[in-house]
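Q: Have a look at this prediction, sequence included:
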Amino acid sequence: MARVTSGLENLLREPPAWAAKARLGLLSHPASVGPGLAHARDLVARRFPGQLRILFSPQHGFLGEKQDNMIASADFADPVLKLPVVSLYGPRLSPPAEALAEVDVILADLMDVGTRVYTFAATLAKVMEAAAPLDKKVVVLDRPNPIGGAAVEGNLLRPEWASIVGPFPLPMRHGFSLGELARYYNVTQDINCDLEVIPAGNWRRRDYFDATGLPWVLPSPNLPTLEAAIVYPGQVLLEGTNLSEGRGTTRPFELFGAPFLEPGRILDLLQPSELPGVILRTACFEPTFHKWAGELCRGFQLHVTDRQAFKPYYTTLTLLAAIHQLYPEQFAWRLPPYEYETVRLPIDLLTGDDLIRRGLENGLTVPELEAAWQDDLNRFLEVRREFLIYGE
């Protein structure tokens, strides 16, 4: 198989005609790396001398140092290139017009993880929305979806539940690369931005990141490994509960628990066949920060044994259903604020539909919930085909 290359690498090797004189902005984060693990900021500045004018940063900051949600990143001056860094996560979620006035083209090079609630795609959508009326071009330097681009799972977000963790209808695990997702948003949401995608080279959409040969650089502080990204489309739901999702440990999202959980009781309630492709290994941990910091939490580590059979969203919903049933007095949904929302429940923003929470509260099984959203998902799969770039 030919070597997989990123859209960044392909831009640098064969720049399009518009790159000759365009004033450039760059939306990136620490995982925006090219050959030799050099950062996109340095590579673009070297390849296009004097053309890079401004840098934009998404959630977790340009330096990737902000641990949790609702920790705003301030604007600052990049000490290396002496360029302004404009934060797009905090009180401001969209690029200001005065920043866009400085550029002709905004390059977007972000490592996404194939999950609707991961905010980088929402930030890109806001850049596209701001760029469209100003006739600014947006160019996505695409990268492989690290959890593969073949599997799709979950209910579609309903528009009334839109937020920064899901601006538009999409299932939780969407199976798009970021470039494909930008194409989908641009057309289906009538953004009509001047959008171009420079594809990753030689990526087969069924391949996970460890098959690409590209180096893994953590895209956010609590996704340190590919294993964490694989379980994330389900385990991220724990952010909407009082269960620890493993923040404050070295295996966030793979580990989860709480002081009141009894792993044996949970395993007794579940049938192994209910959760294909994963083993729940009983585990204990003390988070060093975040929920239950310094307290002994009992729970599990998710060990994925069969990626093709494993359904992350289904798995975590099944676990939540069991925990809700066993611990009605101790388990709780997290209260706002969450991701700059102060009224709506975080779990409803995460699932994109309060019917999921209500179903769990009313004792519906996860297969029943899945059956209820299947028609919407089938319609999405039909529409999705138009925007795919990569084959098998």
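A: Ah, there it is.

Q: How many residues are close by the residue nearest to residue 57 when sequence neighbours are not counted?
A: Excluding its sequence neighbours, the residue lying closest to residue 57 (C-beta to C-beta, 6 or more residues apart in numbering) is residue 87, at 5.3 Å. Heads up, the C-betas are built off the backbone N, CA and C, glycines and all. Neighbourhood size, residue 87 [other C-beta atoms under 10 Å]: 22.

Q: again with the one 4 residues further on
A: The burial count assigned to residue 91 is 7, neighbours taken as other C-beta under 10 Å.

Q: From residue 307, how far out is the residue nearest to it when sequence neighbours are not counted?
A: In this structure, residue 91 finds its nearest non-sequential neighbour in residue 72, 6.5 Å apart by C-beta to C-beta, 6+ apart. Separation of residue 72 from residue 307 (C-beta to C-beta, to the nearest Å): 35 Å.

Q: do the same with residue 225
A: In terms of C-beta to C-beta, residue 225 sits 14 Å off from residue 307.

Q: Tell me where the stretch 201-350 of the chain has helices.
A: 226-235, 263-269, 312-326, 346-351 (DSSP state H, counting those that start in this stretch).

Q: likewise the stretch 1-150 of the chain?
A: Under DSSP H, counting those that start in this stretch, the stretch 1-150 of the chain gives helices at 7-13, 40-47, 97-100, 120-131.

Q: I'd guessed residue 138 sits against residue 197; true?
A: No: assessed by C-beta atoms under 8 Å, residue 138 is found out of contact with residue 197, at 9.5 Å.

Q: between those two, what contacts are shared?
A: Common contacts of residue 138 and residue 197 (C-beta atoms under 8 Å, 6 or more residues apart in numbering): residue 182.

Q: residue contacts, the nearest residue to residue 344 once chain neighbours are set aside?
A: Distances taken as C-beta to C-beta, 6+ apart put residue 336 closest to residue 344, at 6.7 Å, once the chain neighbours are dropped. Residue 336 sits next to 342, 343, 344, 345, 346 when contact means C-beta under 8 Å, 6+ apart.

Q: Relative to residue 155, which of the helices of the stretch 201-350 of the chain is closest?
A: helix 346-351 (6.9 Å; C-beta to C-beta).

Q: Would you mind measuring from residue 197 to residue 63?
A: Residue 197 sits at a distance of 26 Å from residue 63 (criterion: C-beta to C-beta).

Q: Settle it for me: which of these two has more neighbours?
A: Between residue 197 and residue 63, residue 197 has the larger neighbour count (other C-beta under 10 Å), namely 22 against 13.

Q: State the number of residues packed around residue 312.
A: Neighbours around residue 312, by other C-beta under 10 Å: 28.

Q: Quick check: chain neighbours aside, which residue is closest to it?
A: Nearest non-adjacent residue to residue 312 (C-beta to C-beta, 6+ apart): residue 234, at 3.6 Å.

Q: got it, and residue 226?
A: residue 209 (5.2 Å).

Q: How about the contacts made by the one you found?
A: 144, 146, 147, 216, 226, 229.

Q: Could you do residue 45 as well?
A: The contact partners of residue 45, by C-beta under 8 Å, 6+ apart, come to 52, 81.

Q: Could you measure from it over to residue 289?
A: Going from residue 45 to residue 289 by C-beta to C-beta gives 35 Å.

Q: Also residue 24?
A: To residue 289, residue 24 is 37 Å away according to C-beta to C-beta.

Q: Likewise for residue 353?
A: 31 Å.

Q: who's more crowded, the two?
A: Using other C-beta under 10 Å, the more surrounded residue of residue 353 and residue 289 is residue 353, with 23 against 12.

Q: What strand or helix carries residue 170?
A: Per DSSP states H and E, residue 170 falls between elements, in no helix or strand.

Q: And the pLDDT for it?
A: Looking at residue 170, its pLDDT is 98.

Q: Okay, and the beta partners of residue 153?
A: Beta-bridge partners recorded for residue 153 (DSSP bridges): residue 173.

Q: quick check: domain ranges of the protein?
A: Under the assignment automatic domain parsing, the domains of the chain span 7-219+383-387, 226-361.

Q: what residues are up against the nearest residue to residue 129 once chain neighbours are set aside?
A: Nearest residue to residue 129, sequence neighbours excluded (C-beta to C-beta, 6+ apart): residue 191, at 5.6 Å. Residue 191 is in contact with 125, 128, 129, 132, 185, counting by C-beta under 8 Å, 6+ apart.
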